[in-house]
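**Student:** any chance you can model this:
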Amino acid sequence: MSTPNDPSPLGAAITRATLEQRGETTRALKKSKSVKRMLRMTERALARADALVEDLQHITPPPAPIACQSGCPYCCHIRVTASAPELLLMFDHIRSTWDTAQIQTLAKKTANTDAFTRGLDDDARAQVRLPCPLLKDGSCSVHAVRPISCRAVASVDVTACKQAYASRMQDGVPMYEPQYQGANAVGYGLHAGLVDAGYSVENIELVAALALGLGDTEIAKKWLKGEDMFAPACTLRA
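**Tutor:** Numbering: from 1, shown residues only. Below you'll find the predicted structure:
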C-alpha cells in the first residue's frame, strides 16, 4: 500500500493525482457558484481516476486479468457512498439523457430500495442484498458517471465475486489493490478540495441520495449555496 511519502513510481503517481484533484476542486468551487463549472470539474475528476488506474496498471500490472465487465453485478448489492459533486453529476446525466418515463421508473425503484436500506451500515446493507436501483439488465445504467467508490473496485476472480455475493459479502474477493488506492486517491483529493472551498465532507449513501435528489431540479444550485441537501442520506440507524 502506498503512503503520501512513498517514493515509488506508484506512490508518486497517486500523490500527484491527489494534489492535482485537490487544487482543481478548490479552484472550481471557490471561484464561483456555477453549476456548470462544478459539474465539469467532477467529470474531470472521474476521468482523472480512470487515467490514473490505467497508468497504475502499467506500473504494477494486475496479478490476473481484471474480471469486472458488463453484466457482472455481484458487487452492486452493497452500500455505496459518494461525494455531493459526484451525485449531482449523476443527477444531471440522468436528466439529460433519460426520458420522463425512465426517470419515473427509476424513482419508483429507488423509493422501494431506500425504504429497506436507508441508514443501514455496510454489514447490514450486505445482509439485505438488494440490487442498486441503477442496475439494468445486470449492468450499470449510469456507468459513464458512476462514483469513484465504484471505479475503485476491481476483482481478478469472478468466482470469488459469486461466492461473496452468495455469502452476503462474508467471503473475501481478491482485488487489484493499485486500482483501489488510485481511484480513492482522486476521491481524497476531491474531498480535500471541498473542505478547502468551505464545503463539508459527507458520507452520502447513494440510494438515499437518489431518493432525495431525483425529483429536485434545483438541488445543485441549493447545494452550491451551502444548503445541506444530503443530510438525511448521511445518518446511520442507531
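
**Student:** can you map out the strands along the chain?
**Tutor:** All strands of the chain, identified by DSSP state E, fall at 81-82, 135-136, 139-140, 204-205.

**Student:** from the centroid of this protein, which residue is nearest?
**Tutor:** residue 147 (2.2 Å; C-alpha atoms, centre = their mean).

**Student:** so for the nearest residue to residue 205 once chain neighbours are set aside, what's the pLDDT?
**Tutor:** Excluding the flanking residues, the one nearest residue 205 by C-beta to C-beta, 6 or more residues apart in numbering is residue 233, at 5.0 Å. C-betas here are computed from N, CA, C, even on glycine. For residue 233, the pLDDT comes out at 96.

**Student:** how about the one 5 residues further on?
**Tutor:** Model confidence at residue 238, given as pLDDT, is 70.

**Student:** for residue 3, same thing?
**Tutor:** For residue 3, the pLDDT comes out at 55.

**Student:** mean confidence score for the longest helix anywhere in the chain?
**Tutor:** When the chain is scanned for its longest helix (criterion: DSSP state H), the result is helix 35-59. Averaging pLDDT along helix 35-59 gives 97.

**Student:** who touches that helix?
**Tutor:** Residues outside helix 35-59 that contact it (C-beta atoms under 8 Å, 6 or more residues apart in numbering): 9-10, 13-14, 17, 20-21, 24-25, 28-29, 31, 85-86, 88-89, 92, 145, 148, 151-152, 154, 176, 178-179, 181-183, 185-187, 189-190, 220-221, 224.

**Student:** which of those are buried? Put it as a PyMOL command.
**Tutor:** Entered in PyMOL, the line below selects the buried ones among the contacts of helix 35-59, by 16 or more other C-beta atoms under 10 Å:
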select buried, resi 10+13+14+17+20+21+24+25+28+29+85+86+88+89+92+145+148+151+152+154+176+178+179+181+182+183+185+186+187+189+190+220+224
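
**Student:** in helices only, show me the contacts of helix 35-59.
**Tutor:** 9-10, 13-14, 17, 20-21, 24-25, 28-29, 31, 85-86, 88-89, 92, 148, 151, 178-179, 181-183, 185-187, 189-190, 220-221, 224.

**Student:** and the residue nearest to the centre of the chain, how far from residue 36?
**Tutor:** In this view, residue 147 and residue 36 are 20 Å apart by C-beta to C-beta, to the nearest Å.

**Student:** pLDDT below threshold where in the protein?
**Tutor:** Along the chain, segments meeting pLDDT under 70 span 1-7.

**Student:** swap the cut-off to 80 and go again
**Tutor:** Along the chain, segments meeting pLDDT under 80 span 1-7, 31, 238.

**Student:** deepest-packed of the strands of the chain, please.
**Tutor:** Burial of the strands of the chain is given as mean neighbour count (mean count of other C-beta atoms under 10 Å); strand 204-205 ranks first at a mean of 24.

**Student:** what helices or strands is that one leaning on?
**Tutor:** Contact partners of strand 204-205 among helices and strands, from 3 or more C-beta pairs under 8 Å, 6 or more residues apart in numbering; DSSP states H and E: strand 81-82.

**Student:** quick one: contacts of the strand it packs on?
**Tutor:** By C-beta under 8 Å, 6+ apart, strand 81-82 touches 90, 147, 148, 149, 203, 204, 205, 206, 209.

**Student:** could you dump those into CSV with distance to residue 77 added?
**Tutor:** Putting the contacts of strand 81-82 into CSV (distance: C-beta to C-beta, whole Å) gives the following:
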residue, distance to residue 77
90, 19
147, 15
148, 19
149, 14
203, 19
204, 19
205, 14
206, 12
209, 17
